[in-house]
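Peer 1: Provide a 3D model corresponding to the input given below.
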Amino acid sequence: MLDVPVPPNTAQRAHYMYAVAARNETIRTTVERFQKAGLPLAVIDIPDMAQRNVAPLYESEQRGVVA
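Peer 2: Model (predicted):
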């Protein structure tokens with residue numbers, strides 16, 4: 001689930017939430033691959049949100065990033 005925050009000091013806006021569903025077997029297979037490789041797994045990102053999650057890593061004070 002992803003809670004999309006409403007920017008402060010804006011006119012009344014709808015509050016959005018997104019939910020993602022996946023088959024247990026799909027998640028289990030992904031987790032097992034990481035475990036077998038000895039890699040810690042904190043989250044499983046979905047393609048629709050990956051760019052949004054990576055973009056802030058490249059922001060600077062002089063330059064914003066739109067995702």
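Peer 1: Which residue ranges of the protein form strands?
Peer 2: For the chain, the strands defined by DSSP state E cover 2-4, 16-18.
Peer 1: mean pLDDT for these: which is lowest?
Peer 2: Mean pLDDT is lowest for strand 2-4 among the strands of the chain, at a mean of 79.
Peer 1: Can you pull out the residues in contact with that strand?
Peer 2: For strand 2-4, contacts defined as Cβ atoms under 8 Å, 6 or more residues apart in numbering pick out 15-20, 49. Where you see a C-beta, it was placed from the backbone N, CA and C, and this is true even at glycine.
Peer 1: any chance of those in CSV, plus neighbour count and distance to residue 29?
Peer 2: CSV is the format used below for these (neighbours: other Cβ atoms under 10 Å; distance: Cβ to Cβ, whole Å):
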residue, neighbour count, distance to residue 29
15, 9, 34
16, 10, 30
17, 8, 27
18, 11, 23
19, 6, 21
20, 10, 16
49, 13, 20
